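Peer 1: need the 3D shape of this:
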Amino acid sequence: MQEKRLDRAAILKHYRAHGPRATYLASSCDVTLSTGKKAKLVYVLPKYKLHLATDRQADMLAAMRLALATSETEVLRLSTGQTVATVGHVLFFLCACEAPNINRRQVRTACSHEKTGTYDVFRHMYLRQTFTAVFVTEQGSVVDTHVDYVRCGGYTEHSLFVGGLVSKDGLTPVPQGPEHSRPSKKRRTGSKAKRSEATKRMLAPPEDTKKEEPAPTDSMMPSGAEQYLPGLAADASKAAFLHFAGEKHADDDLCLAVNVRGARCRRRRSHGNFCKQHADSAASEEKGKAFFGEVEDHFARAAAAFERQQVAEAVAVSLRDSKEMAEKMARSRRVIQNRLDKLQLDRVETAADGSCQFVALTLSADIAMDAFAFRTQVVGYLRSTATLFKNDVDKSFPSFEAYLDCMARPQSWGDDLTLAAASHLLLRRIRVVSDHDLEVERFFSPPAIISKEIWGSDITVCHLMQNHYEATRPKGRGAKREL
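Peer 2: Below is the predicted model:
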């Protein structure tokens, strides 16, 4: 989660848009627990994504109601670690099954479906997984009931964070923030004692006995120029552009030429910047061009070799990633096939071209229509019944029309809205079999006002790795037509 932390610019932008009460600690109020006792309720906004306070107010309110439904006995059991093994596996069934003192009416209200109003176990699981409920007991201990942290004994950064908000007088907002994030107070230091002259002389650093070197001048004598660049006779009136190094390297006196093997010549300079053997080849302008052309070719070959090495490393990384992806895909297909065996179905491979959802639906439903034509009908149904679906569009789209324009393109991935629209359009329930450990299958049904007696048979499709749909067919039936 460290990469999801907000930077300073994002925090300032949220502060200007929503004010100071939406950035850190909102408020605290008195509430009555299910046991009849009074308690303090502190609203702390999300730590990593502040926009959730305005985008998901309903979910946060439901999670807060679910937290208030937890009994005092259950919180004490979690703080002592007595139910770690049970809570770690079925935390989202905790309020409904294992705690007799919990207010079940509050649980049903908090975990009710938005449209039907009935208890939804998946929403219960979503609230437990997404939001964190932290309790402070009368003894002052902080208990974190999140499913990922109960196994660790409740010692989490959430508990430390809430503990920093608790003052000595009770649960009151701390405007300065947690204690560990406050700047340390400056200590007043008294005046220093006066030191005697003898003490000052004793503590003074030793004097620097090194002689100051004269600053280099722009012009140098020929002997000085020859010392740094052999073969260069610089007049006293002409500036010599020299590079002064801290230490003289052993290769500074070697010839600048390159031998036939492509390595640098190891002979000493005797004729300017070159040795006796290479001085003639670099004397004339034509020979100089040929010589420096060889040097350029040498560096070009070295650059090409380095590029080939980089390409080879990139290919190796790509092959390793492809191998890992292939292993994940093979595992996903095994899980899907095991779940389809219980339904007497086989999986049909579908091309991953962006229209896999619509291809899987047409193949599984045995519809004599290509994927693009079926996509066009689904988008047309969404456009004609906008009031049913426009409130469920993902927030990444600026408007419902922009979402429809995106879904009309052949390469756009289908989502849950297109599945629901396809179920309405075909009057058939769609079953989506997933490879997820917590979600075996999902259903998308026709409108509730239409009697189930006129519904068609169910359509079953597979959802691999949460990003690819494939079709199914009954066991024993031959391969279906291809689109």
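Peer 1: can you tell me which residues contact His468?
Peer 2: 350, 352, 356 (CB atoms under 8 Å, 6 or more residues apart in numbering). Where you see a C-beta, it was placed from the backbone N, CA and C, and this is true even at glycine.
Peer 1: ok now do the last one, which residues does it touch?
Peer 2: By CB under 8 Å, 6+ apart, the contact list for Cys356 reads 350, 413-414, 468-470.
Peer 1: secondary structure and distance to Tyr119 for those - can I get that in TSV?
Peer 2: As requested, those are exported to TSV (DSSP: H, G, I helix; E, B strand; the rest coil; distance: CB to CB, whole Å):
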residue	secondary structure	distance to Tyr119
Thr350	coil	35
Trp413	coil	31
Gly414	coil	29
His468	strand	32
Tyr469	strand	29
Glu470	strand	32
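Peer 1: and Ala365, how many neighbours?
Peer 2: Using other CB atoms under 10 Å, Ala365 has 20 other residues around it.
Peer 1: mind starting the numbering at 761 from now?
Peer 2: Taking 761 as the first residue, the last one we looked at is Ala1125.
Peer 1: OK, contacts around it?
Peer 2: Per CB under 8 Å, 6+ apart, neighbours of Ala1125: 1186, 1188, 1219.
Peer 1: again, but for Met1167
Peer 2: Contacts of Met1167 (CB under 8 Å, 6+ apart): 1135, 1138-1139, 1142, 1174, 1178.
Peer 1: need the worst-confidence member of the contacts of His1228.
Peer 2: Lowest pLDDT within those is found at Ala1112 (83).
Peer 1: and that one, what is it in contact with?
Peer 2: His1228.
Peer 1: and it, backbone torsions?
Peer 2: Phi and psi for Ala1112, reported as degrees, to the nearest 10, are phi -90, psi 80.
Peer 1: for this protein, what spans make up the strands?
Peer 2: Secondary structure of the chain by DSSP state E: the strands cover 785-792, 798-804, 894-896, 902-904, 1105-1108, 1190-1194, 1201-1204, 1219-1224, 1228-1234.
Peer 1: save these as TSV, and put in distance to Ala818 and mean pLDDT too.
Peer 2: As requested, the strands of the chain are arranged in TSV below (distance: least, CB to CB, whole Å; pLDDT from 0 to 100):
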stretch	distance to Ala818	mean pLDDT
strand 785-792	16	56
strand 798-804	15	63
strand 894-896	21	76
strand 902-904	23	74
strand 1105-1108	37	90
strand 1190-1194	25	93
strand 1201-1204	21	91
strand 1219-1224	26	92
strand 1228-1234	29	91
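Peer 1: tell me the most buried of those?
Peer 2: Ranked by mean neighbour count, the strands of the chain are led by strand 1219-1224 with a mean of 24 (mean count of other CB atoms under 10 Å).
Peer 1: can you check which helix is longest in this structure?
Peer 2: helix 1045-1101 (DSSP state H).
Peer 1: packing partners for that helix?
Peer 2: strand 1105-1108, strand 1190-1194, strand 1219-1224 (3 or more CB pairs under 8 Å, 6 or more residues apart in numbering; DSSP states H and E).
Peer 1: take the contacts of Met1167 and keep only those in helices.
Peer 2: 1135, 1138-1139, 1142, 1178.
Peer 1: His1031 touches Leu1016, doesn't it?
Peer 2: No - applying CB atoms under 8 Å, one finds His1031 not in contact with Leu1016, separated by 11.3 Å.
Peer 1: let me see the domain layout of the protein.
Peer 2: Annotated domains of the chain cover 762-935, 1103-1234 [automatic domain parsing].
Peer 1: out of the ones you listed, which gets the lowest mean score?
Peer 2: domain 762-935 (a mean of 61).
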